Structures are given as structure tokens and as C-alpha cells.
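Just a sequence and a predicted model for now, questions to come.
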Amino acid sequence: MKLIKKNGLLMLCMMLLVVNVSAETSYWQRPVVKAFIDEMVKKYDFDKDELVNWFSASQKRQSIIDAMMRPAEAKPWKQYRPIFLTDKRITKGVAFWQKNRDLLAKAEAQFGVPAEIIVAIIGVETYYGRQIGRYPVIDALATLGFDYPPRASFFKKELEQFLLLARDEKLAMNQTLGSYAGAMGMGQFIPSSYRRYAVDFDNDGQRNLWTTSDAIGSVANYFKRHGWREGEQVIVRADANGRKHQAEGRMMKPHRSVESFRDQGLSFEKNITTKNDQAVLVKLNGKEGSEYWIGLHNFYVISRYNHSPKYSMAVFQLSQEIKHRMQGR
């Protein structure tokens, strides 16, 4: 009898704990969320009861905040590069290109973006669609918008964009999965980018970034809209000739002439065809010490996808490895 009473008391405590956890993690009763819901109703004519239902099922996820605190881009280049430049990822990229050769050729012709760049973006972002994310997007964006002060304003706007996107594209609100940062589909578009740059590449009446066709077309459109220059170089390896140069951090926008880097004693492994074009110096911590590169306009365009120079370099180098493998080199 004592055991029954003790077990009963234990069960009651556990139930109360679950209720308390639910109250702490469910969003819809929090004043800031209520204000957000009211704003969405006022600005965009959402149904309030529908929004309450969505946010009552949404939860704060500490694992999302933890992931934001340890991004892969914090690693040095010598540790970051091996994540993406693997034989397996290159081989899968070749297979993806061969399987979708016609779609990639169509995208390249329409948008002027090389197939290898499109393939590499999808390869880096989701391993060619194999790793599209496991978090409900509404949970990710609510967690970051309401419980991650460093970037709360940005993610609250993305949450707003996601609600509009879900309504426009008829997405299942609480069943749409993405990354811990709320990025979606094979190309991992955040909601504002999805609404602005996604295209219906297969003409089925919906922009669905979980399908290969729309993902390929949308990545190509993203680069075209950000100013990709067809046929131009991306980045060229430089030799410092024994001198040391300061890194320019995350500033990837070209702002100095190529000639000015030559004047500083840098030489280039390949000719830079646009001698008077603007460029930026990229310095990476490689396995054998400092690596110097001269980033051109198209390198900057890649960085619009992710502002880390390491990310842009990983995309570029993966694209070249896949291209060489496709050409039998």
C-alpha cells in the first residue's frame, strides 16, 4: 500500500513537472507572442485562432540555441575544409549531376550560373538533399525570434516571412522541417529568400524547394539575382612571396584593384583576366600555414549565400573537384 501511495505521489510529481515544462516551452501564452500574433492578424489578415493553434503546438528548443552557439564556420579552415571536401561528397556530387544533367543544363542556360556551382551549393547545404533538417521551422524561428536575443529581431522577421510563405505555398505549418536556423529545402533557403528567389522550375504551380527541379532552378536564380557574372573567374590562389598580409575578416565585397595587390608583392597562380577589376584578399588558416587568395566579384556573390569566406571557399573548391571528376580528370 505504501508502495502504491509512493508510486502515485511520484506519478503526480512527474505530471506536474510535465505541465510546468509545457507551460515554460509552449509559446502561445507568452505576452510577446500574443503581441506578435495580434500584429500578424492586423497586418496580414491572418486568422487569430489558427495562429494560436500553431503557436500552442510550438516549443522552445534549447538544442537550437546550442547549435547557434557553435557554428561550423567558427572552425579554422584546416578543420572546416575536410567537412565538405571529401571523396564521398565529390562522388555523390558527380552522381547528382549525371542524374539531373538536363535540369542543370537548362538552369545554366537560363540563368548563366555554372552547373558545378549549383551542385556544390546543394552538396554543401544538404548533401544533395539527404540532410534537409529535422526541426519544425516554426519552432526554430520562434526559438530564435523570442529566446535568442543576439539575433531576435532578424529571426522574428523571418518568422513573419515563414507564416506568409506557408500561407502562399500551402505548406503544412507544424510539419515543415528545416535546419536549426529555419532554412528549408535542398538549397536551405530562409523564408525571406524562399519568398523572394524561389522559382517554379518544373511549372507545376508550386515553388517546392524539397523537389530537385525547383531547388536547382531556385539556387541558379538566387545567384543570378545577386549579380553572378557568366564566364568570369571566382577566386585565384596568390603567393605572398615571403611577406605577411592582414586578413580582411568577413569583408568579402571586392574593394581594391587587382593591380594594387600586385604592387604589394602578391603574385597569382593563374592570370586574372579582368586586370582592373575590384578584388578582395582572402586569408585562410590552412594545414601548411596561411593561404592567400584573391577573391573576385563571383566569389562575393557566393558569399551572399553565407557570409563566411570559409563557406564560399568550400563551395568553390567542391564545385571544381566535381567538375574535374565529371571531365575525367
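Cool, the structure landed.

so where's the longest strand in this structure?
When secondary structure is assigned using DSSP state E, the longest strand within the chain turns out to be strand 278-286.

who does it touch, helix- and strand-wise?
Applying 3 or more Cβ pairs under 8 Å, 6 or more residues apart in numbering; DSSP states H and E, one finds that strand 278-286 contacts helix 77-84, strand 256-257, helix 258-263, strand 289-295, helix 297-303, helix 309-326. C-beta here means a position set from N, CA and C on the backbone, and glycine is covered the same way.

Now do the buried residues in it.
Counting neighbours by 16 or more other Cβ atoms under 10 Å, one finds that the buried residues in strand 278-286 are Gln278, Ala279, Val280, Leu281, Val282, Lys283, Leu284.

And for stretch 133-152?
Neighbour-count burial for stretch 133-152 flags 133, 135-148 (criterion: 16+ other Cβ under 10 Å).

now, the most widely separated pair of those residues?
Taking Cβ to Cβ as the measure, these span a maximum distance of 19.7 Å, between Gly133 and Phe146.

can I get the buried residues of strand 278-286 in TSV with distance to Ala107 and pLDDT?
As requested, the buried residues of strand 278-286 are arranged in TSV below (distance: Cβ to Cβ, whole Å; pLDDT from 0 to 100):
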residue	distance to Ala107	pLDDT
Gln278	27	88
Ala279	27	91
Val280	27	92
Leu281	31	91
Val282	27	92
Lys283	33	91
Leu284	29	92
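
related to what we said a few turns ago, let me have the helices and strands packed on strand 278-286 in a markdown table, adding distance to Ala152 and mean pLDDT as columns.
Written out in a markdown table, the entries for those read as follows (distance: least, Cβ to Cβ, whole Å; pLDDT from 0 to 100):
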| stretch | distance to Ala152 | mean pLDDT |
| --- | --- | --- |
| helix 77-84 | 27 | 96 |
| strand 256-257 | 35 | 86 |
| helix 258-263 | 40 | 84 |
| strand 289-295 | 32 | 90 |
| helix 297-303 | 24 | 95 |
| helix 309-326 | 23 | 97 |
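
Of those, which stretch is the most buried?
Comparing these by mean neighbour count (mean count of other Cβ atoms under 10 Å), helix 297-303 comes out on top with a mean of 23.

who touches that one?
Taking Cβ atoms under 8 Å, 6 or more residues apart in numbering as the criterion, the residues outside helix 297-303 that touch it are 117, 223, 226-229, 232-235, 252-254, 277-278, 280, 282, 309, 311-312, 315-316.

And stretch 67-76, by the same measure?
Under the criterion Cβ under 8 Å, 6+ apart, external residues in contact with stretch 67-76 comprise Tyr80, Ile83, Leu144, Tyr148, Arg151, Tyr180, Ala181, Asn285, Asn306, Ser308, Lys310, Tyr311.

Repeat that for stretch 46-56.
For stretch 46-56, contacts defined as Cβ under 8 Å, 6+ apart pick out 26-28, 33, 37-38, 40-41, 138, 142, 163, 167, 173-174.

If any of the residues you listed are buried, put those into a ChimeraX selection.
With 16+ other Cβ under 10 Å as the burial test, the buried ones among the contacts of stretch 46-56 are selected in ChimeraX as follows:
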select :26,27,28,33,37,40,138,142,163,173,174
